[in-house]
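Trainee: Requesting a structural model of the entry that follows:
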Amino acid sequence: MYPTIFDTDELTELRDMTRKFATDRIAPGYLAREKAGKMDMDLVREMGALGLIAPELPEEFGGMGAGYLYAGTIIEEIARADFTFGYIPLLASLNGQILAKFARPDIAREWLTKLTAGEIVLSIGLTEPKGGSDAANLGLRMERDGDHYILNGEKTSISANQISAGTVLFARSGRPEDRARGVSALLVPMDLPGITTSKFSNMGQNSIGHGSIWFDNVRVPAEYLLGEEGQGFVQVMQGFDFSRSLIGLQCLGTARQSLDETWAYAGERRAFGKPLAAFQGVSHQLADFDTKVEAARLMSLNALWLKDRGLPHTAEAAMTKWWPPLLSYEAIHACLLIHGHAGYADGLPFQQRLRDVLGLQIGDGTAHIMKNIIARERAGRAAVAG
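Mentor: The predicted model follows:
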C-alpha cells in the first residue's frame, strides 16, 4: 500500500510484517482454498501467533491494546492476498469488541484469548430468512427458563457458520411490536444440542462459507447473555460502524492488488509494437480507478481514525460500506478485461476476486441501507422519516 497521512512507524512496521505473511503464506493457496471450500485453520493459528487477529483488543484478551487503524491495516493486507481470508480478522474484530464490552469478564477472557490466538472462529447471527435488510425484524425466539435461555428459530446467510466455535446471536426476547427494543444478544456455543447447520453453494467466498443455522429448543446458560436483556440490538449494533470500515478496506485491498498487477501487465504486454500502457484507453482507465481506490481508502482509514479518537463516525462508516464494495467490483472487472481471456480464465485470480467482492454489495447492509444511514445522520432522523 502507498503511504498515507495516517501512517506511523508502528503502522508501517505492522503493514510490512502482515504483507510478508500474506504474500508468503496466504496468497499461494487462495484459489485452491476457494475451490475446496475449506478454510485453513493452521494458517489462522499462524496468523494469531503473529498477533494479527483483533490487535485492538486489550492485552488481557490476547490483543495488543492497539488502535482501530491497526485492525484496518491488517485486513487490507490480508485481503490483497486472499479476499475471503480477510473475514478471519474482520469477524474477530467485530465479535471481539462485542464480547469485550458486553460479556461477563470471565467468559470474555475464556473466548477471546482463543479467538486472538487463532484457535477458534466466531460468527455473528443476525440475518433471518424474512429479515434481510430489516435487521430488527427477528423471529428467532429466546425464552427464559430458570438459569437458561431456550432458543427456537433460524438464522441464514451467516458467514463461517460451519467452522465457528460460537455465534454472537440476536434473538427476540420481547414482543414483535417492540422491534429493536425487544431484541437480546447471546453468545451461543455451537456444540450445544439442538443446533444444525447448512452450507450454501455461493458464487464466491466459499472458503469461509455461508449458510443457515437452526436452533431447536437449544438451552444456553443465562450467563452468556451479552448486555442487558431486551437491549442487545441497540447496544451491540453500535459496533457495526467499526466493521463497515473494515469491510471497505477488505474490498479495497483486493482492488489495489488487482490494479498493481494490471499496471505491471500493461507496462510489459505489447500490442501493435507498443506497451498496452501507451494506449490511453488502457492507462486512463487504470488511472481513473487508481484515483478512486485511493480516495475510498483514505475515507475508510479516516472513519477508523475518528473511532480511535472517540469521535462520531456513523455516516463515514456507512460511506465505506456502500462505495468501496461497488468501486472494487468495477475496478477488478476492468482489470480482468484488460488481461483479455487470461483474466477470464481461472489461471489468474481476477474472476475469483470479482465474485468474492460482489458478495459485500449484499452482506452486512446494502448500499440503499447505508445511504439511508448517511441521510439520517446528515439531515436528522425526523427529517428522513418525513
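Trainee: Could you chop this protein up by domain?
Mentor: 9-120, 123-228, 237-385 (automatic domain parsing).
Trainee: which one of those has the lowest average pLDDT?
Mentor: For the domains of the chain, the stretch scoring lowest in mean pLDDT is domain 123-228; its value is a mean of 90.
Trainee: Span of that one from start to end?
Mentor: Across its full length, domain 123-228 reaches 20 Å end to end, with C-alpha to C-alpha, to the nearest Å as the criterion.
Trainee: still on that earlier bit, possible to save the domains of the chain as JSON lines with distance to residue 3 and mean neighbour count?
Mentor: C-beta here means a position set from N, CA and C on the backbone, and glycine is covered the same way. Formatted as JSON lines, the entries for these read as follows, by distance: least, C-beta to C-beta, whole Å; neighbours: other C-beta atoms under 10 Å:
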{"stretch": "domain 9-120", "distance to residue 3": "8", "mean neighbour count": "21"}
{"stretch": "domain 123-228", "distance to residue 3": "30", "mean neighbour count": "19"}
{"stretch": "domain 237-385", "distance to residue 3": "11", "mean neighbour count": "19"}
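Trainee: Nearest to residue 2, out of those?
Mentor: Across those, the minimum distance to residue 2, taken as C-beta to C-beta, is reached by domain 237-385, at 7.1 Å.
Trainee: one step back: can you list the domains of the chain in TSV and add distance to residue 2?
Mentor: Formatted as TSV, the entries for the domains of the chain read as follows, by distance: least, C-beta to C-beta, whole Å:
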stretch	distance to residue 2
domain 9-120	11
domain 123-228	27
domain 237-385	7
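Trainee: where exactly do the helices run in the chain?
Mentor: Along the chain, the segments classed as helices by DSSP state H run 9-21, 30-36, 41-49, 68-81, 87-102, 105-116, 232-236, 240-268, 280-308, 314-338, 341-344, 350-358, 367-379, 381-385.
Trainee: so what's residue 138 closest to, chain neighbours aside?
Mentor: Spatially, and ignoring its direct neighbours in sequence, residue 138 is nearest to residue 172 (4.8 Å; C-beta to C-beta, 6 or more residues apart in numbering).
Trainee: In the beta-sheet assignment, what are the partners of that neighbour?
Mentor: In this structure, residue 172 has beta-bridge partners residue 141, residue 183, where bridges are defined by DSSP bridges.
Trainee: contacting residues around it?
Mentor: The neighbourhood of residue 172, defined by C-beta atoms under 8 Å, 6 or more residues apart in numbering, consists of 138, 139, 140, 141, 142, 182, 183.
Trainee: cool, residue 92 as well?
Mentor: Residues counted as contacts of residue 92 (C-beta under 8 Å, 6+ apart) are 53, 54, 115, 116, 121, 122.
Trainee: what's the answer for residue 312, then?
Mentor: With contact set as C-beta under 8 Å, 6+ apart, residue 312 has these partners: 306, 377.
Trainee: coming back round to it: residue 235 versus the residue nearest to residue 138, what's the distance?
Mentor: Look at residue 172 and residue 235: by C-beta to C-beta, to the nearest Å, they are 16 Å apart.
Trainee: related to what we said a few turns ago, I'd like the helices of the chain as CSV, with distance to residue 203 appended.
Mentor: As requested, those are exported to CSV (distance: least, C-beta to C-beta, whole Å):
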stretch, distance to residue 203
helix 9-21, 27
helix 30-36, 11
helix 41-49, 23
helix 68-81, 17
helix 87-102, 15
helix 105-116, 28
helix 232-236, 29
helix 240-268, 15
helix 280-308, 22
helix 314-338, 12
helix 341-344, 15
helix 350-358, 4
helix 367-379, 18
helix 381-385, 33
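Trainee: residue furthest from the geometric center of the protein?
Mentor: Note on the chain: the largest separation between a C-alpha and the mean C-alpha position, by C-alpha atoms, centre = their mean, falls on residue 273 (44.0 Å).
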